[in-house]
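Visitor: I would like the atomic coordinates for the input below:
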Amino acid sequence: MAFEGILFDVDGVLVDSPHERAWRDTLEELMRGPWKDLAARSRYTPERFDTAVYQEIVAGKPREDGARAALEYFGVPDAAAHAAEYGAAKQAKILGLIRAGAFQAFPDALRFVLDARDMGLPMAVASSSKNANELLARIVVPEPMPGIRPDPLGKEPGTTLVDLFDANVCGRTFPRGKPYPDIFLGAAADLGVRPEASLVVEDATSGVQAAKAGGMRVIGVARLGDEELLRAAGADLVVTSLDEVDRDALARGTLARVKKAA
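Guide: Model prediction:
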């Protein structure tokens with residue numbers, strides 16, 4: 001079945017964002033300060049909150065769900081009662097990092113998006129993060145990156161990454177967050193494509209699970225050495241860079257890796 005549209009997560013797929021840093025640094029500050037008593041009764045240490053934990057437990061989930069999941073993972077007493085405070089402190093932290101410019105677009109993602117546009121594939125962005133739109137709107141395309149052609153939309157300079165998409169549900173409230181499929185089903189509906197003919201590009205296990213629950217095909221982008229986690233979650237193709245995706249196969253409605261030269 002040919003693809004009718006592509007749905008992209010943002011953090012970890014399109015943008016190398018400071019989300020993980022914000023979650024990790026915020027919890028460390030809370031545990032060293034106002035939550036000292038909670039820290040003493042938990043399994044938390046700064047070293048335990050590594051990238052693997054972030055990817056498996058927090059990434060891709062709505063803010064309060066991610067906060068609660070992290071606190072439960074570390075055995076923090078009354079995790080649900082403290083999730084809102086943690087989520088709010090993390091939000092303040094990430095806004096500061098965004099305004100400081102502590103992020104960048106992934107060059108391979110920009111190349112993939114521009115190639116998909118050339119194929120005439122409608123595209124949407126679908127992130128649970130309330131900060132995704134601010135990230136996308138601050139990235140001017142093209143940036144001085146290898147392989148990124150100038151003026152991708154035939155417009156004056158100043159086109160931003162968010163301008164490359166035909167639909168945008170980032171930060172919209174849905175009845176259920178990932179790993180439920182609501183956000184991707186909403187993006188497909190806004191794009192006017194059938195879920196079963198949609199391709200999702202994700203980097204988090206919860207996002208892969210959400211897409212598969214919606215009957216969609218999925219490319220898992222393993223930028224952090226988490227190939228096996230994404231395969232186990234059900235990704236149809238797992239790559240470490242979107243440059244590895246065969247564009248000719250994509251145009252035919254199949255997923256394949258670029259063949260290496262003999």
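Visitor: how about residue 108, what does it touch?
Guide: 241-243 (CB atoms under 8 Å, 6 or more residues apart in numbering). To be clear about C-beta, it is placed using only N, CA and C from the backbone, and glycine gets the same treatment.
Visitor: residue 132 now?
Guide: Residue 132 neighbours (CB under 8 Å, 6+ apart): 10-11, 125, 170-171.
Visitor: how about the strands of the protein, start to end?
Guide: Counting by DSSP state E, the chain has strands at residues 5-8, 15-16, 104-105, 123-125, 167-168, 198-202, 217-221, 237-239.
Visitor: show me what the second one is packed against.
Guide: For strand 15-16, the packing partners by 3 or more CB pairs under 8 Å, 6 or more residues apart in numbering; DSSP states H and E come out as strand 104-105.
Visitor: could you check how many residues crowd around the nearest residue to residue 166 once chain neighbours are set aside?
Guide: Closest residue to residue 166 apart from its sequence neighbours, by CB to CB, 6 or more residues apart in numbering: residue 122 at 4.7 Å. Number of residues near residue 122 (other CB atoms under 10 Å) recorded here: 20.
Visitor: just the pLDDT at residue 122, thanks.
Guide: At residue 122, the pLDDT value in this model is 96.
Visitor: quick one: it from residue 170, how far?
Guide: Going from residue 122 to residue 170 by CB to CB, to the nearest Å gives 16 Å.
Visitor: what helices or strands is the longest helix seen in the chain leaning on?
Guide: Ranked by residue count, the top helix of the chain under DSSP state H comes out as helix 79-99. Contacts defined by 3+ CB pairs under 8 Å, 6+ apart place helix 79-99 against helix 19-32, helix 63-73.
Visitor: and the last one, what's buried?
Guide: Of the residues in helix 63-73, those buried under the neighbour-count criterion (16 or more other CB atoms under 10 Å) are 63, 65-71, 73.
Visitor: greatest separation within these: which pair is it?
Guide: 63 and 73 (15.8 Å; CB to CB).
Visitor: and for residue 18, nearest residue in space, chain neighbours not counted?
Guide: Closest to residue 18 by CB to CB, 6+ apart is residue 97, at 4.0 Å.
Visitor: and that neighbour, how many neighbours?
Guide: With other CB under 10 Å as criterion, residue 97 counts 17.
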